[in-house]
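Colleague: Have a look at this prediction, sequence included:
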Amino acid sequence: MITLKGPRELKLMREAGRIASAALRLGGSLVRPGVTTRELDRAMHRFITEQGATPSFLGYGGFPATACISVNEQVIHGIPGKRTLKEGDIVSIDIGAIYQGYHGDCAATFPVGEIDAESARLIAVTRQSFFEGAKLAREGYRLGDVGHAIQSYVESQGFSVVRRYVGHDIGRQLHEDPEVANFGSPGRGQRLLPGMTLAIEPMVNAGTHEIEVLDDKWTVITADGARAAHYENTLVVTGGDPEILTVCNLEE
């Protein structure tokens, strides 16, 4: 069932999005060689709670941390812990916040010190693929149009989109219907309506789109060991350009 949001819901989601994206920027600003993923997680947890919000992911389905922090070949759902970031790594941070019952959700991939040119290009392509899809996240288009735009752009750059995990609608629940795939066919799928709130999140692999799940039942890695990147914003479908409720860049 699709839930369209009105002015009251959107006001709360704007604040949830502000908190989530500020927490992400904080986490990204702390990324450097020698920092552990647990230290990043603790800093973001402290920030979210100080803002009067609650971490969306902590305890969700049994997830044990505030943020999903995934390094190099880890695509999504990495569990923060003792792992120390090293020069040349790339680290994806996925974070959500609940404010007065409504969620904001966002993600981005950050370089650890100096990284190689191909990793930098992977991060840039993943980010841009979100905006390629977001161009079509407006009234009258369909979810297949959004997914096709993301997939076409990513594959034109020589990378691949993950198929087994997708984006989602979002609101009072972290994951609501419909799902938002990062692949698809134009003119297919759910027609987009004003008031739909979507978490569009391209997950892009440098190699094959195939993935595996580790024994911890959470961490998703690329099947071929190639690096992966992740970028996500929460947005609102309107009659014109979508309104993005999260801004996931250190420079913004």
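Modeller: Arrived safely.

Colleague: ok, now which ones touch the residue nearest to residue 161 when sequence neighbours are not counted?
Modeller: Sequence neighbours aside, residue 182 is the residue nearest to residue 161 in space, at 4.5 Å (criterion: Cβ to Cβ, 6 or more residues apart in numbering). Every residue, glycine included, has its C-beta placed from N, CA and C. Contacts for residue 182 (Cβ atoms under 8 Å, 6 or more residues apart in numbering) come out as 129, 133, 147, 150-151, 154, 161-162, 166-167, 200-203.

Colleague: tell me the SS of residue 182?
Modeller: Under DSSP: H, G, I helix; E, B strand; the rest coil, residue 182 falls in the coil class.

Colleague: re the thing from before, restricted to strands, list the contacts of residue 182.
Modeller: Under the assignment DSSP state E, the contacts of residue 182 contribute 161, 167, 200, 203 to strands.

Colleague: Which one of those residues is nearest to residue 59?
Modeller: Closest approach between these and residue 59, by Cβ to Cβ: residue 167, at 21.5 Å.

Colleague: Model confidence score at the closest one, please.
Modeller: Here, the pLDDT recorded for residue 167 equals 98.

Colleague: So what's the residue count around it?
Modeller: For residue 167, the neighbour count with other Cβ atoms under 10 Å is 27.

Colleague: What distance do you get for the nearest residue to it once chain neighbours are set aside to residue 219?
Modeller: Excluding the flanking residues, the one nearest residue 167 by Cβ to Cβ, 6+ apart is residue 180, at 3.5 Å. Residue 180 sits 22 Å away from residue 219, going by Cβ to Cβ, to the nearest Å.

Colleague: Those two: which has the busier surroundings?
Modeller: A direct count of neighbours by other Cβ under 10 Å for residue 180 and residue 219 places residue 180 higher, at 23 against 20.

Colleague: for the more buried one, what are its contacts?
Modeller: 143, 146-147, 166-169, 198-201 are the contacts of residue 180 under Cβ under 8 Å, 6+ apart.

Colleague: if you set the cut-off to 10 Å instead, what comes out?
Modeller: 133, 137, 143, 146-147, 150, 166-170, 189-190, 196, 198-201 (Cβ atoms under 10 Å, 6 or more residues apart in numbering).

Colleague: try residue 164
Modeller: 75, 203, 209-213, 220.

Colleague: how about 7 Å then?
Modeller: residue 211 (Cβ atoms under 7 Å, 6 or more residues apart in numbering).

Colleague: How is it assigned, secondary-structure-wise?
Modeller: coil.

Colleague: From residue 141, how far off is it?
Modeller: 24 Å.

Colleague: Which two among the ones in strands among the contacts of residue 182 are spaced furthest apart?
Modeller: 161 and 200 (12.0 Å).

Colleague: more crowded one of the two?
Modeller: residue 200 (27 against 23).

Colleague: what bits of the stretch 101-250 of the chain have low per-residue confidence?
Modeller: Applying pLDDT under 70 to the stretch 101-250 of the chain flags residues 248-250.

Colleague: 80 instead?
Modeller: 247-250 (pLDDT under 80).

Colleague: As a check, name the ranges of all helices in it.
Modeller: With helices called from DSSP state H, counting those that start in this stretch, the stretch 101-250 of the chain shows them at 117-134, 143-156.
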